[in-house]
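Q: no sequence on hand, only this structure:
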(Lines give C-alpha, C1' and ligand atoms only; values in the text may rest on other atoms or scores of the structure.)
Protein backbone atom coordinates (compact mmCIF):
# COMPACT_ATOMS: atom_id res chain seq x y z
CA UNK A 1 0.00 0.00 0.00
CA UNK A 2 1.41 3.41 -0.90
CA UNK A 3 1.85 6.15 1.67
CA UNK A 4 -0.98 8.15 0.11
CA UNK A 5 -3.33 5.15 0.17
CA UNK A 6 -2.54 4.40 3.81
CA UNK A 7 -3.38 7.98 4.76
CA UNK A 8 -6.77 7.69 3.10
CA UNK A 9 -7.76 4.47 4.83
CA UNK A 10 -8.28 6.12 8.23
CA UNK A 11 -9.33 9.51 6.84
CA UNK A 12 -12.89 10.76 7.28
CA UNK A 13 -15.20 10.56 4.31
CA UNK A 14 -13.80 13.14 1.90
CA UNK A 15 -17.05 13.20 -0.04
CA UNK A 16 -19.02 14.38 3.00
CA UNK A 17 -16.42 17.05 3.77
CA UNK A 18 -16.43 18.31 0.18
CA UNK A 19 -20.23 18.32 0.17
CA UNK A 20 -20.33 20.42 3.35
CA UNK A 21 -17.81 22.90 1.89
CA UNK A 22 -19.79 23.15 -1.34
CA UNK A 23 -23.03 23.72 0.57
CA UNK A 24 -21.47 26.40 2.76
CA UNK A 25 -20.11 28.25 -0.26
CA UNK A 26 -23.27 27.87 -2.37
CA UNK A 27 -25.06 31.07 -3.37
CA UNK A 28 -27.41 32.39 -0.68
CA UNK A 29 -30.48 31.96 -2.87
CA UNK A 30 -29.72 28.22 -3.08
CA UNK A 31 -29.97 27.64 0.65
CA UNK A 32 -31.90 29.06 3.56
CA UNK A 33 -29.93 29.90 6.67
CA UNK A 34 -31.81 28.68 9.70
CA UNK A 35 -31.32 31.97 11.57
CA UNK A 36 -32.16 34.37 8.75
CA UNK A 37 -35.70 34.89 10.04
CA UNK A 38 -34.84 34.86 13.73
CA UNK A 39 -36.57 37.80 15.44
CA UNK A 40 -33.37 38.83 17.23
CA UNK A 41 -31.44 39.03 13.96
CA UNK A 42 -34.29 40.95 12.35
CA UNK A 43 -34.59 43.45 15.24
CA UNK A 44 -30.87 44.14 15.25
CA UNK A 45 -30.92 44.55 11.49
CA UNK A 46 -33.83 46.99 11.68
CA UNK A 47 -32.08 48.99 14.41
CA UNK A 48 -28.89 49.22 12.33
CA UNK A 49 -30.80 50.06 9.14
CA UNK A 50 -32.90 52.75 10.85
CA UNK A 51 -29.77 54.27 12.36
CA UNK A 52 -27.95 54.23 9.03
CA UNK A 53 -30.85 55.82 7.13
CA UNK A 54 -31.49 58.49 9.76
CA UNK A 55 -27.80 59.28 10.02
CA UNK A 56 -27.46 59.59 6.25
CA UNK A 57 -30.57 61.73 5.70
CA UNK A 58 -30.27 63.90 8.81
CA UNK A 59 -26.54 64.36 8.26
CA UNK A 60 -26.99 65.53 4.66
CA UNK A 61 -29.79 67.92 5.61
CA UNK A 62 -27.92 69.32 8.61
CA UNK A 63 -24.74 69.94 6.65
CA UNK A 64 -26.65 71.54 3.76
CA UNK A 65 -28.54 73.85 6.12
CA UNK A 66 -25.77 74.78 8.55
CA UNK A 67 -22.44 73.62 7.14
CA UNK A 68 -21.97 71.50 10.24
CA UNK A 69 -21.38 67.75 9.73
CA UNK A 70 -23.53 65.49 11.91
CA UNK A 71 -20.43 64.03 13.61
CA UNK A 72 -19.41 67.55 14.67
CA UNK A 73 -22.94 68.30 15.85
CA UNK A 74 -22.89 65.11 17.90
CA UNK A 75 -19.71 66.18 19.71
CA UNK A 76 -20.93 69.76 20.24
CA UNK A 77 -24.32 68.73 21.66
CA UNK A 78 -22.68 66.19 23.98
CA UNK A 79 -20.37 68.90 25.28
CA UNK A 80 -23.28 71.28 25.85
CA UNK A 81 -25.24 68.64 27.81
CA UNK A 82 -22.30 67.42 29.88
CA UNK A 83 -21.54 68.42 33.45
CA UNK A 84 -19.38 71.53 33.35
CA UNK A 85 -19.68 71.76 29.56
CA UNK A 86 -16.69 69.54 29.02
CA UNK A 87 -15.77 65.93 28.45
CA UNK A 88 -12.50 64.06 28.40
CA UNK A 89 -11.33 62.55 25.15
CA UNK A 90 -12.01 59.11 26.67
CA UNK A 91 -15.60 60.07 27.55
CA UNK A 92 -16.14 61.34 23.99
CA UNK A 93 -14.74 58.12 22.56
CA UNK A 94 -17.08 56.06 24.74
CA UNK A 95 -20.16 58.14 23.95
CA UNK A 96 -19.56 58.35 20.20
CA UNK A 97 -18.25 54.80 19.72
CA UNK A 98 -15.19 56.14 17.95
CA UNK A 99 -11.70 54.92 18.70
CA UNK A 100 -9.45 57.23 20.67
CA UNK A 101 -7.61 57.97 17.43
CA UNK A 102 -10.87 58.70 15.64
CA UNK A 103 -11.97 61.09 18.38
CA UNK A 104 -8.59 62.81 18.32
CA UNK A 105 -8.83 63.42 14.56
CA UNK A 106 -12.45 64.58 14.85
CA UNK A 107 -11.67 66.96 17.71
CA UNK A 108 -8.63 68.25 15.78
CA UNK A 109 -10.89 69.26 12.87
CA UNK A 110 -13.54 70.81 15.13
CA UNK A 111 -10.83 72.71 17.05
CA UNK A 112 -9.34 74.01 13.77
CA UNK A 113 -12.77 75.50 13.02
CA UNK A 114 -12.67 77.18 16.45
CA UNK A 115 -15.70 75.35 17.87
CA UNK A 116 -13.89 73.48 20.67
CA UNK A 117 -10.66 73.77 22.56
CA UNK A 118 -8.60 71.41 24.64
CA UNK A 119 -7.94 72.11 28.30
CA UNK A 120 -5.70 70.20 30.63
CA UNK A 121 -7.11 68.53 33.72
CA UNK A 122 -5.61 70.14 36.84
CA UNK A 123 -5.86 66.94 38.89
CA UNK A 124 -4.63 64.50 36.19
CA UNK A 125 -2.08 65.70 33.67
CA UNK A 126 -2.80 62.66 31.47
CA UNK A 127 -6.41 63.76 30.89
CA UNK A 128 -7.45 66.38 28.40
CA UNK A 129 -10.85 68.02 28.40
CA UNK A 130 -12.65 69.10 25.25
CA UNK A 131 -14.60 72.30 25.88
CA UNK A 132 -17.18 74.09 23.74
CA UNK A 133 -16.11 77.60 22.67
CA UNK A 134 -18.43 80.58 22.17
CA UNK A 135 -18.12 80.08 18.40
CA UNK A 136 -19.00 76.41 18.83
CA UNK A 137 -21.98 77.31 20.97
CA UNK A 138 -23.22 79.74 18.30
CA UNK A 139 -22.73 77.16 15.52
CA UNK A 140 -24.55 74.57 17.60
CA UNK A 141 -27.44 76.94 18.25
CA UNK A 142 -27.84 77.74 14.55
CA UNK A 143 -27.56 74.09 13.49
CA UNK A 144 -30.02 72.88 16.11
CA UNK A 145 -32.97 74.65 14.46
CA UNK A 146 -32.33 72.78 11.19
CA UNK A 147 -31.63 69.52 13.01
CA UNK A 148 -34.87 69.69 15.00
CA UNK A 149 -36.83 70.20 11.78
CA UNK A 150 -35.16 67.13 10.30
CA UNK A 151 -35.85 65.08 13.42
CA UNK A 152 -39.50 66.12 13.29
CA UNK A 153 -39.74 65.04 9.65
CA UNK A 154 -37.74 61.81 9.64
CA UNK A 155 -37.74 60.44 13.20
CA UNK A 156 -40.90 61.65 14.90
CA UNK A 157 -43.13 62.29 11.89
CA UNK A 158 -43.73 58.64 10.99
CA UNK A 159 -44.51 57.70 14.62
CA UNK A 160 -47.50 58.30 16.88
CA UNK A 161 -46.96 59.92 20.29
CA UNK A 162 -47.32 56.52 21.93
CA UNK A 163 -44.76 55.00 19.55
CA UNK A 164 -42.32 57.83 20.29
CA UNK A 165 -42.72 57.21 24.03
CA UNK A 166 -42.33 53.45 23.54
CA UNK A 167 -39.21 53.97 21.45
CA UNK A 168 -37.74 56.24 24.12
CA UNK A 169 -38.40 53.71 26.88
CA UNK A 170 -36.95 50.85 24.82
CA UNK A 171 -33.83 52.79 23.84
CA UNK A 172 -33.23 53.95 27.42
CA UNK A 173 -33.41 50.31 28.55
CA UNK A 174 -30.91 49.34 25.86
CA UNK A 175 -28.56 52.15 26.88
CA UNK A 176 -28.50 50.43 30.23
CA UNK A 177 -28.11 52.53 33.31
CA UNK A 178 -30.82 55.11 32.64
CA UNK A 179 -28.43 57.75 31.38
CA UNK A 180 -28.45 59.20 27.91
CA UNK A 181 -25.20 60.83 26.84
CA UNK A 182 -24.08 61.50 30.37
CA UNK A 183 -27.42 62.97 31.47
CA UNK A 184 -29.55 61.00 33.91
CA UNK A 185 -33.17 60.69 32.84
CA UNK A 186 -36.19 60.57 35.09
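A: Yep, it's here. A quick note: this is a predicted structure, and the numbers were derived from the prediction, not measured. Numbering: from 1, shown residues only.
Q: what residue lies at the spatial centre of this protein?
A: Geometric centre of the chain, nearest residue: residue 97, 5.9 Å, by C-alpha atoms, centre = their mean.
Q: mind checking pLDDT for that residue?
A: Looking at residue 97, its pLDDT reads 78.
Q: now it: phi and psi?
A: For residue 97, the backbone dihedrals (degrees, to the nearest 10) come out as phi 60, psi 20.
Q: next secondary structure element downstream of the helix or strand harbouring residue 150?
A: Taking DSSP states H and E as the definition, one finds residue 150 inside helix 134-151. Downstream of helix 134-151, the first helix or strand assigned by DSSP H and E is helix 161-175.
Q: ok, and for the longest helix belonging to the chain, which residues are buried?
A: As assigned by DSSP state H, the longest helix anywhere in the chain is helix 39-66. By 16 or more other C-beta atoms under 10 Å, the buried positions in helix 39-66 come out as 58, 59, 61, 62, 63, 66. Where you see a C-beta, it was placed from the backbone N, CA and C, and this is true even at glycine.
Q: likewise stretch 136-147?
A: Per 16+ other C-beta under 10 Å, stretch 136-147 contains these buried residues: 136, 139, 140, 143, 144, 146, 147.
Q: redo the buried residues of helix 39-66 as JSON lines? Include pLDDT and distance to residue 151.
A: Output for the buried residues of helix 39-66, formatted as JSON lines (pLDDT from 0 to 100; distance: C-beta to C-beta, whole Å):
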{"residue": "58", "pLDDT": "97", "distance to residue 151": "7"}
{"residue": "59", "pLDDT": "96", "distance to residue 151": "12"}
{"residue": "61", "pLDDT": "97", "distance to residue 151": "10"}
{"residue": "62", "pLDDT": "97", "distance to residue 151": "10"}
{"residue": "63", "pLDDT": "97", "distance to residue 151": "15"}
{"residue": "66", "pLDDT": "95", "distance to residue 151": "14"}
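Q: which of these sits closest to residue 50?
A: residue 58 (11.6 Å; C-beta to C-beta).
Q: surely the closest one and residue 152 touch.
A: No - between residue 58 and residue 152 there is no contact under C-beta atoms under 8 Å: 10.9 Å.
Q: what number of residues lie near the residue lying closest to residue 57 once chain neighbours are set aside?
A: With sequence-adjacent residues excluded and distances taken as C-beta to C-beta, 6 or more residues apart in numbering, residue 57 is closest to residue 154, at 5.5 Å. Residue 154 has 14 neighbouring residues, counting by other C-beta atoms under 10 Å.
Q: for residue 154, give me its contacts.
A: Residue 154 sits next to 54, 57, 58 when contact means C-beta atoms under 8 Å, 6 or more residues apart in numbering.
Q: do the same with residue 65
A: 143, 146 are the contacts of residue 65 under C-beta under 8 Å, 6+ apart.
Q: distance of the residue nearest to residue 57 from residue 56?
A: Distance of residue 154 to residue 56, computed by C-beta to C-beta, to the nearest Å: 10 Å.
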